[in-house]
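1. after the sequence you'll find the predicted model.
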Amino acid sequence: MSMTLYSCPETRSMRSLWLLNELGVPFELVSMPFDHKYLRAKEYLAIHPLGRIPALVDEDLKIFESGAICEYLIGTYGNGRLIPPSDTPERLRYTYWLHYAEGSAMSPLLLKLLFTLMPKRAPALLRPLVRKVSNTALTTLVNPQLKQHMDYWESELAKSEWFAGSEFTGADIQMSFPLEAAAARGGLEQGHPRSMALLERIHARPAYARALEKGGPYQVGR
């Protein structure tokens, strides 16, 4: 088998695994634990010089970053699937959401995770101070930004069933992780019925279920 995906359970690399299943491309899955010591091992650094997941190896090509992997797989193996026709408004929306998913969308979600975990991992003597700082950051900065993004998703999904238009595309695969993360720890279920309905449609896709079978449980908020 000439194609290999290096992936970690319960991470954003799930999207690349799911996309391969949507396209029906034969591949070998190398599932790696989410362990920074393991990702810094020389065997993995030989694949990705920064020790990042996911990594796709196709013959002599190595492709990194989930967005780039999405573009490569759809462009190389999609045969017109999962991407709107060129020179259409849907194609422009597709390109926008494909990049927004890893750009603007992830910043408040990562800050939410960081400031939520900091008090739990701080030394006992510093924990009250760290909790106070974290709560202030969440209340004044992170939560308002995250709500603004979630409200934005909701308003855009009022225009079409999927992010790029009436058809499911790679943009929805890329946006699935921000939606999953927001549902797990951002309060997406509160006042965002269209976003939650999109998640339900995603979870109902057979290729998504096959990806879970291969890659293991997917619990973003753990």
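-> Yep, it's here.

2. helices along the chain, start to end?
-> Counting by DSSP state H, the chain has helices at residues 14-23, 36-39, 42-45, 66-77, 89-100, 106-121, 127-137, 143-157, 170-185, 193-203, 206-215.

3. and the residue nearest to residue 147 when sequence neighbours are not counted, backbone torsions?
-> Nearest in space to residue 147, with sequence neighbours left out and distances taken as C-beta to C-beta, 6 or more residues apart in numbering, is residue 187 at 7.7 Å. Yep, even glycine has a C-beta here, placed from its N, CA and C like the rest. Recorded main-chain torsions at residue 187 are phi 80, psi 30, according to degrees, to the nearest 10.

4. relative to residue 156, how far out is residue 187?
-> 18 Å (C-beta to C-beta, to the nearest Å).

5. do residue 85 as well
-> Computed with C-beta to C-beta, the distance linking residue 85 and residue 156 is 20 Å.

6. who has more neighbours out of those two?
-> Neighbours were tallied for residue 85 and for residue 156 using other C-beta atoms under 10 Å; the higher tally belongs to residue 156 (15 against 9).

7. so that one is in contact with residue 164, correct?
-> No: assessed by C-beta atoms under 8 Å, residue 156 is found out of contact with residue 164, at 10.1 Å.

8. any idea what residue 56 is bridged to?
-> In this structure, residue 56 bridges to residue 5, residue 63 when assessed by DSSP bridges.

9. tell me which residue is most central in the protein.
-> Taking C-alpha atoms, centre = their mean, the centroid of the chain lies closest to residue 177, which sits 3.2 Å from it.

10. and residue 60, how many neighbours does it have?
-> 6.

11. so where's this structure uncertain?
-> Across the chain, the stretches falling below the confidence threshold (pLDDT under 70) are 1, 34-39, 218-222.

12. how much space is there between the residue lying farthest from the centre of it and residue 19?
-> Residue distances from the centre of the chain (C-alpha atoms, centre = their mean) peak at residue 125, which lies 35.4 Å from the mean C-alpha position. The span separating residue 125 from residue 19 equals 46 Å under the rule C-beta to C-beta.

13. same thing with residue 13?
-> Summarising the geometry, the distance separating residue 13 from residue 19, computed by C-beta to C-beta, is 11 Å.

14. my read: the residue nearest to the centre of the chain touches residue 15, true?
-> Yes: taking contact to mean C-beta under 8 Å, the distance of 6.0 Å between residue 177 and residue 15 places them in contact.

15. one step back: grab the nearest non-local neighbour of the residue nearest to the centre of the chain.
-> residue 12 (4.9 Å).

16. any idea how far residue 70 is from that neighbour?
-> Residue 12 sits 11 Å away from residue 70, going by C-beta to C-beta.
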